[in-house]
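Undergrad: From the sequence below, what's the structure:
(one chain, ligands or ions: 1)
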Amino acid sequence: MTATETNPTFPHGFLWGVATAAYQIEGAVDEGGRGRSIWDEYCERPGVIVGGETGVVAIDHYHRYREDVGLMRDLGVDAYRLSVSWSRVQPTGRGPVNEEGLDFYDRLVDELVAAGIDPAVTLFHWDLPVELQEAGGWLNRETSYRLAEYADIVGRRLGDRVRMWMPLNEPVVHTLYGHALGVHAPGQELGFGALQAAHHQLLGHGLSVQALRAAGCGNLGIASNHAPVHAASDSEADVAAAEIYDHIVNWTFADPVLRGSYPAEELAAALQGPVAEDLKVISQPLDWFGINYYEPTLIAAPTSDEGSSGVLEVDLPPGMPFQPVALEGYERTDFGWPIVPAGLREILGIFADRFGDALPPIYITESGASFHDDDPDENGRVDDRRRIDYHREHLHAVRAAIEDGVDVRGYFAWSIFDNFEWAAGYKERFGLVHIDYETLARTPKDSYFWYRDLIAGHASVS
Ligand code: FCB
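TA: Now for the predicted structure:
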């Protein structure tokens with residue numbers, strides 16, 4: 001790592017980063033020989049995205065990447081977490097490489113390296129090529145092997161300059177939102193049937209780790225979403241419901257990778273395929289484990305069979321054995337998510353306790369907040385002090401976890417730019433840099449300057 005001299009109140013070499021994902025920023029969906037992904041298709045369905053918005057233009061990063069890397073350079077970050085669009089590199093998800101697509105990432109990576117920024121690459125941030133979806137998507141075991149083939153292609157081309165690799169982003173969200181509830185692409189409503197898609201993503205992760213290592217790439221991990229789950233009361237029913245939920249959203253995804261097992265026998269038994277063999281592939285050693293953290297969850301036993309939650313952005317189907325309930329007593333982002341920095345310290349402690357010596361160093365691969373910031377004022381200023389508070393408090397929690405003894409090596413703010421927030425469209429703004437969606441002008445917000453000062457050691461999180 002080429003970490004700069006970092007803030008003295010964090011360990012030497014602590015990695016300061018920012019993160020994005022391809023479909024959320026690139027635009028240019030019909031350019032450079034790119035094939036279509038499930039997000040292109042999903043956005044065309046009426047009524048599924050707030051305001052009917054799409055990533056067709058997004059923030060036009062595909063054309064403006066030089067300006068964007070310049071903003072990162074001036075921010076002083078050590079690393080930039082980007083995702084590669086699979087359908088730019090392999091338009092149908094298999095077979096021949098689209099050189100023009102791979103060239104784009106080659107130029108982007110060169111630009112980053114020239115700016116002194118380490119590229120950290122996610123291979124699959126939810127944008128499966130449509131041909132693979134038509135062949136069954138993540139319900140088809142073959143897709144795991146296709147991910148590894150694509151990992152090999154990208155690894156061989158970029159591996160000499162990419163400093164961190166993660167085959168997957170948040171398989172839990174892709175499984176639950178995309179396959180169980182149908183509120184993200186590919187829009188399937190399979191309920192518990194979605195767990196097969198989880199298993200195949202995890203298998204794809206393991207196969208891709210093997211492929212990347214074979215291609216000479218190092219420093220491999222995963223970006224996985226985790227947060228504490230609490231029971232709404234001490235009642236046996238609530239505690240049991242919270243435990244089931246915790247198993248599903250946390251340990252179904254972390255245990256296979258870090259322990260080589262699923263958290264419950266019934267779960268492994270319900271999956272198709274040579275699960276025991278697959279778990280060996282899934283659990284090979286990683287160099288680090290990435291946690292994306294946003295908010296903890298409070299869970300009660302279901303009160304009726306009618307479904308719904310009112311807490312997740314979506315209603316749960318009937319018959320689920322748990323019921324998310326509102327976490328009271330916290331300020332919320334404008335997206336409605338409770339702001340609970342202590343939950344970040346807590347989940348880090350839970351990981352350290354659960355996995356002990358099997359836990360590699362941790363990076364916070366995402367954390368951030370959507371506030372509906374005002375447009376820049378007449379002096380070009382965006383006063384987003386609530387976002388500064390969010391990051392300061394979450395970094396404070398990271399430091400506390402480090403003091404607790406958890407080996408956390410870095411933090412990637414989600415996101416450097418306002419961008420296409422999936423089903424929520426452009427209304428939700430997570431960026432340190434404001435985007436004017438009419439002109440596509442980029443304007444650094446106060447949080448950008450605060451983060452710059454923090455990285456340079458001129459601001460603190462205390
Ligand atoms: C995460 C996603 C990321 C972004 C943030 C707000 O779940 O990985 O793409 O949408 O949430």
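
Undergrad: Give me the contact list for whatever helix or strand Val121 lives in.
TA: According to DSSP states H and E, Val121 maps onto strand 118-124. Strand 118-124 is contacted by residues 1-2, 15, 17, 19, 21, 78-84, 86, 108-109, 112-113, 147, 150-151, 154, 158, 161-169, 201, 204, 208, 223, 412 when judged by CB atoms under 8 Å, 6 or more residues apart in numbering. C-betas here are computed from N, CA, C, even on glycine.

Undergrad: Return the members of those residues classed as buried.
TA: Neighbour-count burial (16 or more other CB atoms under 10 Å) applied to those gives 15, 17, 19, 21, 78-84, 86, 108-109, 112-113, 147, 150-151, 154, 158, 162-169, 201, 204, 208, 223, 412.

Undergrad: From those, which land in helices?
TA: Judged by DSSP state H, those include 86, 108-109, 112-113, 147, 150-151, 154, 158, 201, 204, 208 as members of helices.

Undergrad: For the host helix or strand of Tyr23, the averaged confidence score.
TA: Element membership of Tyr23, judged by DSSP H and E, is helix 22-25. Mean pLDDT, helix 22-25: 99.

Undergrad: can you tell me which residues contact the residue of the stretch 1-150 of the chain found nearest the ligand?
TA: Closest residue of the stretch 1-150 of the chain to the ligand, CB to the nearest ligand atom: Ala21 (4.7 Å). For Ala21, the contacting residues are Leu82, Ser83, Thr122, His125, Trp126, Asn169, Asn419, by CB under 8 Å, 6+ apart.

Undergrad: Please repeat the previous calculation with a cut-off of 6 Å.
TA: Ser83, His125 (CB atoms under 6 Å, 6 or more residues apart in numbering).

Undergrad: Those residues of the protein touching the ligand, which are they?
TA: Ala21, Gln24, Asn169, Glu170, Val173, Asn225, Asn292, Glu366, Trp414, Glu421, Trp422, Phe430 (CB under 6 Å from any ligand atom).

Undergrad: ok, now with 5 Å
TA: Contact residues (CB under 5 Å from any ligand atom) of the chain with the ligand: Ala21, Glu170.

Undergrad: Run through the chain and note the low-pLDDT ranges.
TA: Along the chain, the parts satisfying pLDDT under 70 run over 1-7, 304-314.

Undergrad: how about the strands in it?
TA: With DSSP state E applied, the chain shows strands at 15-19, 79-83, 118-124, 164-168, 223-225, 229-231, 289-292, 297-300, 323-325, 362-367, 408-414, 433-435, 442-444, listed in chain order.

Undergrad: closest to Gly32 out of the ones you listed?
TA: strand 79-83 (15.8 Å; CB to CB).

Undergrad: mind listing what the closest one pairs with, with the direction of each?
TA: The pairing partners recorded for strand 79-83 under DSSP bridges are strand 15-19 (parallel), strand 118-124 (parallel).

Undergrad: Looking at the ones you listed, which is nearest to Ala441?
TA: Of all the strands paired with strand 79-83, strand 15-19 comes closest under CB to CB, at 18.8 Å.

Undergrad: what is the orientation angle of the closest one with strand 362-367?
TA: Inter-element angle recorded for strand 15-19 and strand 362-367: 30 degrees (by axes from the mean of the first three to the mean of the last three CA atoms, to 10 degrees).

Undergrad: pull the CA atoms of strand 15-19 into PDB?
TA: Below are the C-alpha coordinates for strand 15-19, written out as PDB (Å, rounded to 0.1, in the frame of the first residue of the first chain):
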ATOM      1  CA  LEU A  15      -6.100   3.700   4.300                       C
ATOM      2  CA  TRP A  16      -8.400   6.600   3.400                       C
ATOM      3  CA  GLY A  17     -10.700   5.900   0.500                       C
ATOM      4  CA  VAL A  18     -13.800   6.700  -1.400                       C
ATOM      5  CA  ALA A  19     -16.100   4.300  -3.300                       C
END
